[in-house]
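S.K.: Sequence first, then the predicted structure, then my questions.
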Amino acid sequence: MNSYQRVMNTLAGQPVDRLPVFAVLGAYGAKLTGVDLRTLLSDASAYVAGQRALQQEFGFDQVMSAFDYSVLAEAFGGQIAWFPNQIPNIKRPAARQAADALSLPLPDVLHTARLPVILEINRRLAGIYKEQVPIISVLPGPCIFPALLVGIEQWMEAILFEPELAQKLLDYTAPFFVSWANALLDAGADCLAFTEGMATSAVAPRKIFAEQCLPHLRSVFSQIHGPKIVSSTGGCMNHVLDLLSGLDGVVGVIAGSKDDLCEARQLLGPDLTIVGNLDNLTLPAVSADEVYNLSLSLFRAAGPSGHYILANAGADVPQATPPENLRAMRAAGAAYSAEIGCRA
Amino acid sequence: MSFQTWGEGLLATMINSDRSGAAELIDRALAAGIPPRVVIAEILDPAIVRLGCLWNERAMSLAQNYVASKIAEDTLLRCVPVRTSDTVYKGALVIGNIEDDFHGLGRKTVGLFLCAAGWDVYDLGNDVLAEDLLEKALEVNACVIGCSAMMQTTALNIRKLRDLIDGRGLKERIKLGVGGAVFNWRPDLVAEVGGDGTARNAVGADELFTRLQAQVRGYGKP
């Protein structure tokens, strides 16, 4: 059973030879291949070389396109700041006010800025890993997406005090968002992971999510033709989990690092896959033994009900995480699978 | 009703994102004869401190915090003293959020209070280069620059202004006041970025700038 079959069987609730293990490793590839992050995130061949190195080194059950949302901000005209040891950030958003964003030209997904690089990454990953290792593309949730264009402060201002303007901006960005998501799938992604910041309790309470975000999420997801995973980007999400089942194409969620997985299962129902939820900040800060024990405890909590994939809960695994800590995640997966007598 | 009770009431409106309720509460406090400066120092400030604790405990969402910041802004604006014809003119000063910092709420409030206190305030806005702040100060003959930043990463850009002032031999001619949330959390950052002083809030800004101006005048300039 290869990683692709293992993950697909997990999503379908079918038997597996061992429980799958994911790790969000994009920038970490640069550490293995020795390129700088700017090269890694601007050059498809450099990025794919990083993914190959990660596969060879750790053998996690997924490869992924870059977890770099500056690509999207840049495509709309935002200014990017590059850093030696972290993913680039938005220095200046494309629009200063939410209303101004309504006149931003929508990027061409095939030609604007670094968008074609990401699509080329997916094509190359598909050339190597199609039906061998699942290819996952990460993108922001459609309801937090406008924050990339105007900054989080302006977006919160619109959501809270100018809901009609917020809705207009969601509607305005939706065609690009849908095109981008479908382009990622067409280029080779097997699954899309949406980090929907508005679904995190740290950002918005349930009422705002349910009333202002969920209808948009439902509408946008119905236009995207592939399987989807909803992520909290590491923050707590159990307060809205019960609202997510039934969304078009959603096959799972990535639980927040503080979310209780047993509670998450009750809220989500039996059929959706839970991915998670090792804390990103913990991974570089503890020993490999501790990562092993934390991983094993998560398997024991979430594994028995099936539909479970161990993973970290946030964005890219911090660069400072020792390789042995990543191997400990895999080792815990093997140990737990042996413990429960996995046989495909 | 004690200041603590007023403060708890204001905090409750912040937690419940009740902006109109907060406005009513502040109006009642002012109508009860509590001076605006006391409203800020004894009612608003403690509520903000408690809010910060709740944020650190992850008991508040960003949305709640954002509405709370609007309530704080509303409250400050209601309490800005009025500049009268007998207000003593204190001189010119320049304020701005340093390069890469876009959190202008605190700076704008400080500007209002300083203006009411008799200063000619030249507010250069958000994301201002150190060079621009200094050039403006020289142009309007200001002896103090007030530089604001919300986060540590952007606060460190203030160091560029410090180096620029020192590099041009203006250390005794132009003083550097720094402010923003991060300086309240990390007072040691004031020295780290080369600030000559800070104030916890808008109410304390006039005192800080007056003190820094006096230091400059102690050297006989401008």
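M.R.: Great, that's in hand.
S.K.: going forward, measure contacts and count neighbours with C-alpha atoms only.
M.R.: Fine.
S.K.: who are the neighbours in contact with the residue nearest to A:Val250 when sequence neighbours are not counted?
M.R.: Leaving aside its chain neighbours, A:Val250 sits nearest to A:Lys228 (4.6 Å; criterion: CA to CA, 6 or more residues apart in numbering or on different chains). Contacts for A:Lys228 (CA atoms under 8 Å, 6 or more residues apart in numbering or on different chains) come out as A:Cys191, A:Leu192, A:Ala193, A:Phe194, A:Gly249, A:Val250, A:Val251, A:Gly252.
S.K.: which strand in chain B runs the most residues?
M.R.: strand B:91-97 (DSSP state E).
S.K.: partners of it in the sheet?
M.R.: If you go by DSSP bridges, strand B:91-97 pairs up with strand B:119-123 (parallel), strand B:144-148 (parallel).
S.K.: can you redo those as CSV with mean pLDDT, mean neighbour count and distance to B:Gly104?
M.R.: Formatted as CSV, the strands paired with strand B:91-97 follow (pLDDT from 0 to 100; neighbours: other CA atoms under 10 Å in any protein chain shown; distance: least, CA to CA, whole Å):
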stretch, mean pLDDT, mean neighbour count, distance to B:Gly104
strand B:119-123, 95, 20, 10
strand B:144-148, 96, 27, 8
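S.K.: would you list these in TSV and tack on distance to B:Leu208?
M.R.: Formatted as TSV, these follow (distance: least, CA to CA, whole Å):
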stretch	distance to B:Leu208
strand B:119-123	12
strand B:144-148	10
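S.K.: just the contacts of A:Lys228 now: which is nearest B:Glu131?
M.R.: A:Phe194 (41.7 Å; CA to CA).
S.K.: would the closest one count as being in a helix?
M.R.: No. Using DSSP: H, G, I helix; E, B strand; the rest coil, the assignment for A:Phe194 is strand, not a helix.
S.K.: ok, now how distant is it from chain B?
M.R.: Going from A:Phe194 to chain B by CA to the nearest CA, to the nearest Å gives 20 Å.
S.K.: which parts of chain B sit against chain A?
M.R.: With CA under 8 Å from any CA of the partner chain as the criterion, chain B meets chain A at residues B:Arg58, B:Met60, B:Ser61, B:Leu62, B:Ala63, B:Gln64, B:Tyr66, B:Val67, B:Asp100.
S.K.: what sits against the fourth one?
M.R.: The one in question is B:Leu62. So B:Leu62 contacts A:Ala202, A:Val203, A:Ala204 (CA under 8 Å, 6+ apart).
S.K.: Can you add neighbour count, pLDDT and secondary structure and give those residues back as a markdown table?
M.R.: What follows is those, written out as a markdown table (neighbours: other CA atoms under 10 Å in any protein chain shown; pLDDT from 0 to 100; DSSP: H, G, I helix; E, B strand; the rest coil):
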| residue | neighbour count | pLDDT | secondary structure |
| --- | --- | --- | --- |
| A:Ala202 | 22 | 84 | coil |
| A:Val203 | 22 | 88 | coil |
| A:Ala204 | 22 | 89 | coil |
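S.K.: Can you narrow these down to the ones near chain B?
M.R.: Answer for the contacts of B:Leu62 near chain B (CA under 8 Å from any CA): A:Ala202, A:Val203, A:Ala204.
S.K.: re earlier: going through the residues of chain B next to chain A, which ones are buried?
M.R.: B:Met60, B:Ser61, B:Leu62, B:Ala63, B:Gln64, B:Tyr66, B:Val67, B:Asp100 (16 or more other CA atoms under 10 Å in any protein chain shown).
S.K.: so what does the helix or strand bottoming out on mean pLDDT in chain A touch, helix or strand wise?
M.R.: Within chain A, no helix or strand scores below strand A:89-92, which has a mean of 86 by mean pLDDT, DSSP states H and E. Under the contact criterion of 3 or more CA pairs under 8 Å, 6 or more residues apart in numbering or on different chains; DSSP states H and E, strand A:89-92 touches helix A:70-75, strand A:79-81.
S.K.: Just put these in CSV and tack on distance to A:Glu263, mean pLDDT and mean neighbour count.
M.R.: Shown next, in CSV, are the helices and strands packed on strand A:89-92 (distance: least, CA to CA, whole Å; pLDDT from 0 to 100; neighbours: other CA atoms under 10 Å in any protein chain shown):
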stretch, distance to A:Glu263, mean pLDDT, mean neighbour count
helix A:70-75, 34, 97, 24
strand A:79-81, 39, 90, 14
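S.K.: For chain B, which of the ones you listed is the nearest?
M.R.: With CA to the nearest CA as the criterion, chain B lies closest to strand A:79-81 of the helices and strands packed on strand A:89-92, at 10.4 Å.
S.K.: ok, A:Cys111 - how many residues close by?
M.R.: Rather than Cys, residue A:111 is His. Residues lying near A:His111 (other CA atoms under 10 Å in any protein chain shown) number 11.
S.K.: Oops, could you answer that again for A:Thr39 instead?
M.R.: Residues contacting A:Thr39 under the criterion other CA under 10 Å number 13.
S.K.: In chain A, where is pLDDT below threshold?
M.R.: A:343-344 (pLDDT under 70).
S.K.: all strands for it, in order.
M.R.: Under DSSP E, chain A gives strands at A:63-64, A:79-81, A:89-92, A:135-140, A:191-195, A:228-231, A:250-254, A:273-278, A:308-312.
S.K.: same for the fifth one, what does it pack against?
M.R.: Helices and strands touching strand A:191-195, as assessed by 3+ CA pairs under 8 Å, 6+ apart, comprise strand A:135-140, helix A:163-186, strand A:228-231.
S.K.: If we ignore the residues flanking it in sequence, what's nearest the residue of the stretch 51-200 of chain A found nearest chain B?
M.R.: When scored by CA to the nearest CA, the stretch 51-200 of chain A has A:Met156 as its residue closest to chain B, at 6.6 Å. Nearest non-adjacent residue to A:Met156, counting by CA to CA, 6+ apart: B:Ala63, 6.6 Å away.
S.K.: Could I get the contacts of A:Lys228 in JSON lines, plus columns for distance to B:Val38?
M.R.: As requested, the contacts of A:Lys228 are exported to JSON lines (distance: CA to CA, whole Å):
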{"residue": "A:Cys191", "distance to B:Val38": "57"}
{"residue": "A:Leu192", "distance to B:Val38": "54"}
{"residue": "A:Ala193", "distance to B:Val38": "50"}
{"residue": "A:Phe194", "distance to B:Val38": "47"}
{"residue": "A:Gly249", "distance to B:Val38": "56"}
{"residue": "A:Val250", "distance to B:Val38": "53"}
{"residue": "A:Val251", "distance to B:Val38": "55"}
{"residue": "A:Gly252", "distance to B:Val38": "53"}
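S.K.: can you pull the contacts of the residue nearest to A:Asp289 when sequence neighbours are not counted?
M.R.: What sits nearest to A:Asp289 in space, not counting adjacent residues and going by CA to CA, 6+ apart, is A:Ala328, at 7.1 Å. When contacts are counted by CA under 8 Å, 6+ apart, A:Ala328 touches A:Ala288, A:Asp289, A:Val291, A:Tyr292.
S.K.: swap in A:Val48?
M.R.: So A:Val48 contacts A:Ile121, A:Arg124, A:Leu125 (CA under 8 Å, 6+ apart).
S.K.: again, but for A:Leu139
M.R.: A:Leu139 neighbours (CA under 8 Å, 6+ apart): A:Phe67, A:Tyr69, A:Ala181, A:Leu192, A:Ala193, A:Phe194, A:Thr195.
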